[in-house]
Structure formats: structure tokens, C-alpha cells
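Student: Can you look at this prediction? I've put the sequence above it.
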Amino acid sequence: MQPPDTGELRADVLELLRGANRHWSSPLGAVLHELMAAAGGAAEFLAQLPEQSTDSVAATWLTVLGRAVARGEASPEALHPRVATVAVVLLRNEFLVRGVPTVPDEVLVEIVDEVCLPLVRQRGATAG
């Protein structure tokens, strides 16, 4: 999947989250939720799921964040895999821990505006 490039970090992150939300809300996503619930989070089982690897997911999010750094929207210190993927991890938490069938758009906006963007901005502010 080609990462979005809207010209703004907030819009890019929202677009990625909305796409992940659609995927995880699909029938395939429902099957994966059931399998993971049945496995009780067993590491061996989770390692066998045919999902995108953690590295490729991080690469997509790092690409989006890297573009924001290039545009001057974020500091290079924010370019870290955990910072880049925090939004999608929180979205995944909504599905896996809360067990919701789909995440409302206002929650996606809250993840971006209240957690992701402040974290990205803080990483630059504390550098040096």
C-alpha cells in the first residue's frame, strides 16, 4: 500500500487510520478478531497470522512521518518507530481490548489530535 501524501501530517495520519479501520471492520477483520480472541493472545498463534509484518507497518508510518519532517512539520527527533506507529497501535487497541466492531471517526480524530500529534511535537521540543 502506498502511504498517503496529502501534504499535511494530520491528514495523512487520519487517512491511514481510516483505511486501517475499514480493513479491521471488514469481514476479514472480524475473523481475525475472533481468532485472536480464541487464542487468548498466544504469541505462537499471533506470529502465524498472515498480517503485514510489524516492520512493513512501521515503514509505512515512518514514510508518512518522514515526509512531515521534510516539510518542516515535525522534528527529525520524532522519526522513531514507536512514535510513528502510536496511532495505529491505539486503533488496534480499540479493536482488541474494547472489542468494538468498528471505531467511530471521532475516536480516530481524538487519537490523532490528542495523542499522536502532541507526541510528535513533544519529541522535537525536548530535543537538545
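Tutor: Thanks, I have it. In this text the structure is predicted, and so the values were computed from the model without any measurement.
Student: What segments of this structure are helices?
Tutor: In chain order, the chain shows helices spanning 9-25, 27-39, 43-48, 54-71, 81-96, 105-110, 117-125, with DSSP state H as the criterion.
Student: which residue is nearest the middle of this protein?
Tutor: Geometric centre of the chain, nearest residue: Val88, 1.7 Å, by Cα atoms, centre = their mean.
Student: thinking again about what came up before, looking at the helices of the chain, which is nearest to Pro3?
Tutor: Counting by Cβ to Cβ, Pro3 lies closest to helix 54-71 out of the helices of the chain; the figure is 4.6 Å. Backbone N, C-alpha and C define where each C-beta goes, glycine included.
Student: any idea how far Leu28 is from Glu34?
Tutor: 11 Å (Cβ to Cβ, to the nearest Å).
Student: related to what we said a few turns ago, let me have the helices of the chain in JSON lines, extended by distance to Gln2 and mean pLDDT.
Tutor: Listed next are the helices of the chain as JSON lines, based on distance: least, Cβ to Cβ, whole Å; pLDDT from 0 to 100:
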{"stretch": "helix 9-25", "distance to Gln2": "11", "mean pLDDT": "95"}
{"stretch": "helix 27-39", "distance to Gln2": "20", "mean pLDDT": "73"}
{"stretch": "helix 43-48", "distance to Gln2": "27", "mean pLDDT": "52"}
{"stretch": "helix 54-71", "distance to Gln2": "9", "mean pLDDT": "92"}
{"stretch": "helix 81-96", "distance to Gln2": "16", "mean pLDDT": "91"}
{"stretch": "helix 105-110", "distance to Gln2": "20", "mean pLDDT": "98"}
{"stretch": "helix 117-125", "distance to Gln2": "21", "mean pLDDT": "91"}
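Student: mind giving me TSV with those helices and columns for distance to Pro3?
Tutor: As requested, the helices of the chain are arranged in TSV below (distance: least, Cβ to Cβ, whole Å):
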stretch	distance to Pro3
helix 9-25	7
helix 27-39	20
helix 43-48	25
helix 54-71	5
helix 81-96	11
helix 105-110	17
helix 117-125	16
